[in-house]
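Asks: my questions concern the predicted model and sequence given below.
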Amino acid sequence: MVEVNELHKDYRVGKVLFPALRGVNTVIQDGEFTAIAGPSGSGKTTLLNIIGCLDSPTSGTVYIDGTDTGTLTTREKANLRKNQIGFVFQTFNLIPVLTAFENVEIPLLLLDTKTDENKDRVVGILEEVGLAEYLHRKPNEMSGGQQQRVAIARALVKRPSLVLADEPTANLDSTTAREILELMQELNRKFHTTFVFSTHDQLVMDYAERIIGLRDGMIVDDKRKETPA
Ligand SMILES: Nc1ncnc2c1ncn2[C@@H]1O[C@H](COP(=O)(O)OP(=O)(O)O)[C@@H](O)[C@H]1O
Ligand SMILES: [Mg+2]
């Protein structure tokens, strides 16, 4: 489903090129629940952004469901993101003036689905993440954990095959982080959605089925667990 070959990313800082990814190779299968683990600065965000077509590599290829994303036009990349990929961010990235319902509805407004079906899908996924009572709350009327649940509902409402989550629990206390991980795990099992999340937190790694270790822009480790938490 996701195949990454010899991925390099250099950032230019003034006259200097900084190599953030230095030859990353991996394959992530459909339905995996995988963590990309590494310290701050190891290249996790860069890798997720390139897999999600939010950024381009300096060299190397990313295939999503057999499509070489490097050959896509900007519009085709936007379509791929819109139809197949959901994003969850460390800082939730909800729109403050919109309610939970309205935030989750946004991805559907970008698709050509019918609006009466949209309402059911939005309510359905908000129920799925345990927020049936919070449809009309705005982000600042919810806890961090509730906001991240809204963000997860927003990522999943269009039933993407792939969800990329960049340190999704970094701004949550450990109890709430556990709840969010259990929710993502439940959604992964129920919908067979592939989850790739980055982290530097052991708690998060405990939940992963597979941990890809990243250091200084290179994969240094790749372990699968028989029995994740
Ligand atoms: N836009 C940028 N310009 C220059 N350097 C960057 C940029 N984004 C990230 N970097 C550098 O690339 C390295 C990897 O960053 P990042 O992918 O954000 O790592 P992580 O998410 O693991 O903390 C870091 O050393 C960071 O400083
Ligand atoms: Mg990061």
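Replies: Received, thanks. Ligands and ions are numbered 1, 2, ... in the order given.

Asks: when you work out contacts or count neighbours from here on, use the C-alpha atoms and nothing else.
Replies: Noted.

Asks: mind listing the strands for this structure?
Replies: Ranges of strands within the chain are 2-13, 16-28, 33-37, 59-64, 67-68, 85-88, 162-166, 194-199, 210-215, 218-224, based on DSSP state E.

Asks: any chance of those in TSV, plus mean neighbour count, mean pLDDT and distance to ligand 1?
Replies: TSV is the format used below for the strands of the chain (neighbours: other Cα atoms under 10 Å; pLDDT from 0 to 100; distance: least, Cα to the nearest ligand atom, whole Å):
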stretch	mean neighbour count	mean pLDDT	distance to ligand 1
strand 2-13	16	97	5
strand 16-28	16	97	4
strand 33-37	25	97	8
strand 59-64	20	98	15
strand 67-68	14	96	22
strand 85-88	25	94	14
strand 162-166	25	96	8
strand 194-199	26	96	8
strand 210-215	22	98	8
strand 218-224	14	97	11
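
Asks: could those strands be laid out in CSV, adding distance to residue 47?
Replies: As requested, those are exported to CSV (distance: least, Cα to Cα, whole Å):
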stretch, distance to residue 47
strand 2-13, 9
strand 16-28, 7
strand 33-37, 9
strand 59-64, 10
strand 67-68, 16
strand 85-88, 13
strand 162-166, 10
strand 194-199, 9
strand 210-215, 10
strand 218-224, 10
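
Asks: what stretches of the chain score poorly on pLDDT?
Replies: Per-residue confidence for the chain (pLDDT under 70) gives these ranges: 228.

Asks: ligand 1 contacts on that one?
Replies: Residues of the chain lying close to ligand 1 by Cα under 6 Å from any ligand atom are 11, 13, 20, 39-46.

Asks: so what's the residue at minimal distance from the centre of the chain up against?
Replies: By Cα atoms, centre = their mean, the chain has its centre lying nearest to residue 164, at 1.7 Å. Applying Cα atoms under 8 Å, 6 or more residues apart in numbering to residue 164 gives the contacts 48, 52, 85-88, 195-197.

Asks: thinking again about what came up before, just flag the most distant two among the residues of the chain next to ligand 1.
Replies: Farthest apart among these by Cα to Cα are 13 and 39. That separation is 21.0 Å.
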